[in-house]
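Novice: Need coordinates for the following:
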Amino acid sequence: MSLQPPTITPDQLAKASQVVDAIFPLALETLQDLVRIPGIAWEAFDSTHLDKSAEAVRKLFESTGVFDQVEILRAGYGDSLVGAPAIVASRKAKNSKPTILLYAHHDVQPPGESSLWESDPFEAEIRNGRMYGRGAADDKAGIIAHYASVKLLSELAGSDFDLGLAVFIEGEEEAGSPSFSNFLETYKDKLAGDVIIVADSGNWSTTVPAITTTLRGLVSLEFEVKTLDHALHSGMYGGAVPDAMLAMVKILSSMWDEKGSVTISGLNSSENSELAYSETQLRTDSGLLPSTLAIGEGPILPRLWTKPALTLIGLDYPSVAISSNTLVPSLKAKLSLRIAPGDVPERALEALKSHILAHNSLGAEISFGAVELGKPFSLGEPGWGKTLAEQALGLAYGEKSVDIGIGGSIPFIAELERIFPTAQVLVTGVEDPDSRAHSPNESLHLEGFRSAILAQLLFLLGGNQITTS
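Specialist: So this is what the prediction gives:
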């Protein structure tokens, strides 16, 4: 039995556009209300905000009146820890229709340095066609896109529609989704779907929609370098005794070649993008300073999407403010290695460790610490879900959708594929190159947001009409 996606008619598009226009002011107001809740799933922040955020989201989906159940659920991880609150809603399919699982997350990144924001990060200010605020794009707009499209589906198709729906709004994605696997195992009967829409990515531009078909994986490694059993006066012993920083610098400098490409042996790499992307556009999107050179070789998009990238993201070393004339005996570093689609995190971790040990030219003591692994993602054979999504996106935005990659990682997608092996995972989203997710002045392009709601409504309408053959 195969499912054939229907063709969305001009009449359906016109009616859907009309109801989206009618609800859009409410959608913006509701999004602003969510942004004002600083729900951060990191231990250093007040967890009661996460509870408040979860309850607000629960009430939203309950208000649609279409679900059999709307619950706030948790799943533990480890021996005694408890996961953050997540919202789960479900509605059974009827008459052999498929079930769509809608995913987003309600937790957000910390705001960072407040002086770098042009407006309060938790006030959701609208200016110049964008909404500014932490979580406005990542990922509370995804929540509202799900909510609005479900509410409007009921309005257009009637409350007794046949499409099955499940909703999973996670509460700890920005903290690494530590209970994600256990959550899926515990509640998989409530979450099972034929297509999973992960609304946590972005588009090619504010006007050109996209489906993310590849994501790099993640290998994060902490390690310590030690050359001395105690600190020494740098004037008395410098020149003969190496400190830990010198040993560390030599190891780190071996990890990139002169052009900035990663030199670690055994990592996958590919070049598979046909989209045009110039260095000028890279500089505009990234804020690369005029005098600073781009790194890597070959076309730019594979460098961002399907080749490995390595970043030193942490270093335990005295700051300039408290520095002294001392040979530091040991220091810790943290590396973030992004691996290409098709690579295996465990294998890449061993390659990284082997490189560190092989390039320890001063013979320092090396010890390895905490590790985080995340599998890359590559969309398999396109099914009816992707075909219908491409149609819906093209009609909503007025531009043909494109397939893109993302250099970042969403490790939990591999868990979705493991728990639901027959489901097709479609990674979509509302961000654009100027959204600045995780950075100060995060923002959402409002017209693109409207188009995203319309596209998802069209997708749900199409799913509700699919016939079996």
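Novice: how about the nearest residue to residue 192, chain neighbours excluded?
Specialist: residue 420 (6.1 Å; C-beta to C-beta, 6 or more residues apart in numbering). C-beta: built from backbone N, CA, C; applies to glycine.
Novice: phi, psi of the spatially closest residue to residue 175 that is not a sequence neighbour?
Specialist: Leaving aside its chain neighbours, residue 175 sits nearest to residue 41 (4.0 Å; criterion: C-beta to C-beta, 6+ apart). With angles defined as degrees, to the nearest 10, residue 41 sits at phi -90, psi 20.
Novice: Please, which helix or strand holds residue 22?
Specialist: Here residue 22 is covered by helix 10-35, with elements defined by DSSP states H and E.
Novice: helices or strands next to that helix in the packing?
Specialist: Contacting helix 10-35 under the criterion 3 or more C-beta pairs under 8 Å, 6 or more residues apart in numbering; DSSP states H and E are the following elements: helix 48-63, strand 130-132, helix 140-157, helix 446-465.
Novice: distance between the ends of stretch 302-311?
Specialist: 17 Å (C-alpha to C-alpha, to the nearest Å).
Novice: Would you mind listing the buried residues in it?
Specialist: 302, 303, 304, 305, 306, 307, 308, 309, 310 (16 or more other C-beta atoms under 10 Å).
Novice: for the residues you listed, which one is nearest residue 407?
Specialist: Among the buried residues of stretch 302-311, residue 304 lies closest to residue 407 (C-beta to C-beta), at 4.5 Å.
Novice: which residues does the closest one contact?
Specialist: For residue 304, the contact set (C-beta atoms under 8 Å, 6 or more residues apart in numbering) comprises 405, 407.
Novice: thinking again about what came up before, any chance of the helices and strands packed on helix 10-35 in JSON lines, plus mean neighbour count and distance to residue 326?
Specialist: Listed next are those as JSON lines, based on neighbours: other C-beta atoms under 10 Å; distance: least, C-beta to C-beta, whole Å:
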{"stretch": "helix 48-63", "mean neighbour count": "19", "distance to residue 326": "42"}
{"stretch": "strand 130-132", "mean neighbour count": "23", "distance to residue 326": "44"}
{"stretch": "helix 140-157", "mean neighbour count": "25", "distance to residue 326": "47"}
{"stretch": "helix 446-465", "mean neighbour count": "24", "distance to residue 326": "52"}
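Novice: Export those as CSV, with columns for mean pLDDT.
Specialist: What follows is these, written out as CSV (pLDDT from 0 to 100):
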stretch, mean pLDDT
helix 48-63, 98
strand 130-132, 98
helix 140-157, 98
helix 446-465, 97
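Novice: Now tabulate those in a markdown table and tack on distance to residue 223.
Specialist: Formatted as a markdown table, those follow (distance: least, C-beta to C-beta, whole Å):
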| stretch | distance to residue 223 |
| --- | --- |
| helix 48-63 | 32 |
| strand 130-132 | 38 |
| helix 140-157 | 36 |
| helix 446-465 | 41 |
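Novice: Which of the ones you listed sits closest to residue 318?
Specialist: So among the helices and strands packed on helix 10-35, helix 48-63 is nearest, using C-beta to C-beta, at 34.2 Å.
Novice: how much does the closest one deviate in direction from helix 10-35?
Specialist: 150 degrees (axes from the mean of the first three to the mean of the last three C-alpha atoms, to 10 degrees).
Novice: List the contacts of the residue nearest to residue 361 when sequence neighbours are not counted.
Specialist: Excluding the flanking residues, the one nearest residue 361 by C-beta to C-beta, 6+ apart is residue 250, at 5.3 Å. The contact partners of residue 250, taken as C-beta under 8 Å, 6+ apart, are 359, 360, 361, 362.
Novice: Which one of those residues is nearest to residue 261?
Specialist: Once C-beta to C-beta is applied, the member of the contacts of residue 250 that ends up nearest residue 261 is residue 359, at 15.8 Å.
Novice: Kindly list the main-chain dihedrals of the residue nearest to the closest one when sequence neighbours are not counted?
Specialist: Distances taken as C-beta to C-beta, 6+ apart place residue 254 nearest to residue 359, at 4.0 Å, with adjacent residues excluded. Main-chain torsions, residue 254, degrees, to the nearest 10: phi -80, psi -10.
Novice: which residues of the stretch 251-400 of the chain fall in helices?
Specialist: Ranges of helices within the stretch 251-400 of the chain are 279-286, 300-305, 345-358, 384-397, based on DSSP state H, counting those that start in this stretch.
Novice: Out of those, flag the one nearest residue 431.
Specialist: helix 279-286 (11.9 Å).
Novice: Tell me the buried residues in that closest one?
Specialist: residue 282.
Novice: Also stretch 24-37?
Specialist: Using 16+ other C-beta under 10 Å as the test for burial, stretch 24-37 gives 24, 27, 28, 30, 31, 32, 34, 35, 36, 37.
Novice: That stretch: how far from the chain's middle?
Specialist: Distance, stretch centre to chain centre, for stretch 24-37: 21 Å (C-alpha atoms, centre = their mean, to the nearest Å).
Novice: hmm, who's touching it?
Specialist: Counting by C-beta under 8 Å, 6+ apart, 49, 52-53, 56-57, 60, 106, 122-124, 126, 131, 133-136, 140-141, 143-144, 147-148, 444, 446, 449-450, 453 sit against stretch 24-37.
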